[in-house]
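Q: only the shape, not the letters, is given here:
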């Protein structure tokens, strides 16, 4: 098994840098296409390969399957609770100060855990209360009481329900707003990041305030309704891949994942296929050179449809454009 490579967060915790993500493309309609037994088999396979970071969220509907998988892994002696790093996220329908602790307890019950290693705010906004998987309308997005909400997030640590707290899909400005009053700073900002959307400004800012950046969709979301093949089809990535001596079918993915790791971020991979689970973890035995990084740094940038359009309400929402949501970092 490959040695587990970690990054030290600002709370001192060590987070393995290659994670196993449990999101699915059709989560917004309240369905999970992979059967529970299939998810469990994939998680157990990932543990045996060497994955130790597992990333889920209340809206993914995979917390319970992950919890059952981890319980079996603990009982079989494949891994201990102390060896895994489990993160989950709070969805917008529960992004109200009074709902933070109850929502976290509900996630912990599903996960069969006493605490999370990391609890994240999924997006920098609240949604009107109701079924989290309902079809959202333009009027569902409302402004978040971020100061009251962050104080409730801090309570998660004070109560021992989470070891670290953080954010997801937050701009530099929105993080800076939190730091102005936070007693406990965010440990992680999880955002879309890949060679075709490199988040240079955000990465530089987070580094300056000691907040770790974790990349969801490190390959650009190929195969998803909201994703693109722009990373895997990029001629620069293909050119760099051609220099490597790995299996041709996986060369391009290796380059994209390795690029993220060498830029100091962790990557959350996602596949329930055993071969891909194993292949995505094999990124530690080679490096990109300076010329590779220079070429990738000059790739034309384009975030996915999800980042550009989700939660934007041009009429009466708190974010009338994607530029407002991302504070001109898009």
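A: Thanks, I have it. Computed from a predicted structure; not experimentally measured.
Q: got any ranges where the stretch 101-250 of the chain has weak pLDDT?
A: Regions of the stretch 101-250 of the chain meeting the criterion pLDDT under 70 cover residues 224-227, 245-250.
Q: where do the strands sit along it?
A: 118-121, 126-127, 141-142, 165-168, 188-192, 212-216 (DSSP state E, counting those that start in this stretch).
Q: who's in contact with the residue lying closest to residue 215 once chain neighbours are set aside?
A: Leaving aside its sequence neighbours, residue 215 sits nearest to residue 193 (CB to CB, 6 or more residues apart in numbering; 3.8 Å). Bear in mind the C-beta positions are built from the backbone N, C-alpha and C, glycine included. Counting by CB atoms under 8 Å, 6 or more residues apart in numbering, residue 193 touches 199, 203, 213, 215, 216, 217, 218, 260, 265.
Q: rewinding a little: as CSV, the strands of the stretch 101-250 of the chain with distance to residue 64 and mean neighbour count would be great.
A: Output for the strands of the stretch 101-250 of the chain, formatted as CSV (distance: least, CB to CB, whole Å; neighbours: other CB atoms under 10 Å):
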stretch, distance to residue 64, mean neighbour count
strand 118-121, 17, 27
strand 126-127, 22, 22
strand 141-142, 28, 20
strand 165-168, 21, 25
strand 188-192, 21, 25
strand 212-216, 21, 24
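Q: can I get those in TSV with distance to residue 9?
A: Converted to TSV, the strands of the stretch 101-250 of the chain look like this (distance: least, CB to CB, whole Å):
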stretch	distance to residue 9
strand 118-121	8
strand 126-127	26
strand 141-142	30
strand 165-168	9
strand 188-192	7
strand 212-216	6
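Q: which one, of the ones you listed, ends up nearest to residue 289?
A: With CB to CB as the criterion, residue 289 lies closest to strand 212-216 of the strands of the stretch 101-250 of the chain, at 21.1 Å.
Q: centre of the chain versus that closest one, how much separation?
A: Relative to its parent chain, strand 212-216 has a centroid offset of 6 Å by CA atoms, centre = their mean, to the nearest Å.
Q: what's the closest non-adjacent residue to the most centrally placed residue in the chain?
A: Computing the C-alpha centroid of the chain and ranking residues by CA atoms, centre = their mean puts residue 216 first, at 4.2 Å. Computed as CB to CB, 6+ apart, the closest residue to residue 216 that is not its neighbour in sequence is residue 268, at 5.0 Å.
Q: list the neighbouring strands of whichever strand or helix holds the one you found plus their orientation.
A: For residue 268, the host element (DSSP states H and E) is strand 266-269. Strand pairing for strand 266-269, using DSSP bridges, gives strand 18-21 (parallel), strand 212-216 (parallel).
Q: okay, those strands in CSV with distance to residue 42 next?
A: As requested, the strands paired with strand 266-269 are exported to CSV (distance: least, CB to CB, whole Å):
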stretch, distance to residue 42
strand 18-21, 8
strand 212-216, 18
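Q: of those, give the one that comes closest to residue 301.
A: Distance to residue 301, taken as CB to CB, is lowest for strand 212-216 among the strands paired with strand 266-269, at 14.5 Å.
Q: what angle separates the closest one from strand 188-192?
A: On the basis of axes from the mean of the first three to the mean of the last three CA atoms, to 10 degrees, strand 212-216 is oriented at 30 degrees to strand 188-192.
Q: could you shift the numbering so residue one becomes 47, and keep it that way?
A: Yes, from this point I'll number from 47; that puts the last item at strand 258-262.
Q: any idea how far the closest residue in space to residue 275 that isn't next to it in sequence is from residue 242?
A: Among residues not flanking residue 275 along the chain, residue 268 sits closest, at 4.8 Å (CB to CB, 6+ apart). Distance of residue 268 to residue 242, computed by CB to CB, to the nearest Å: 11 Å.
Q: more neighbours: those two, which one.
A: residue 242 (25 against 15; other CB atoms under 10 Å).
Q: which residues of the stretch 197-346 of the chain fall in helices?
A: Assigned by DSSP state H, counting those that start in this stretch, the stretch 197-346 of the chain shows helices spanning 218-225, 246-254, 281-287, 294-308, 320-326, 336-343.
Q: distance to residue 360 and mean neighbour count added to the ones you listed, as a markdown table?
A: Listed next are these as a markdown table, based on distance: least, CB to CB, whole Å; neighbours: other CB under 10 Å:
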| stretch | distance to residue 360 | mean neighbour count |
| --- | --- | --- |
| helix 218-225 | 20 | 18 |
| helix 246-254 | 24 | 16 |
| helix 281-287 | 34 | 18 |
| helix 294-308 | 33 | 20 |
| helix 320-326 | 38 | 18 |
| helix 336-343 | 33 | 14 |
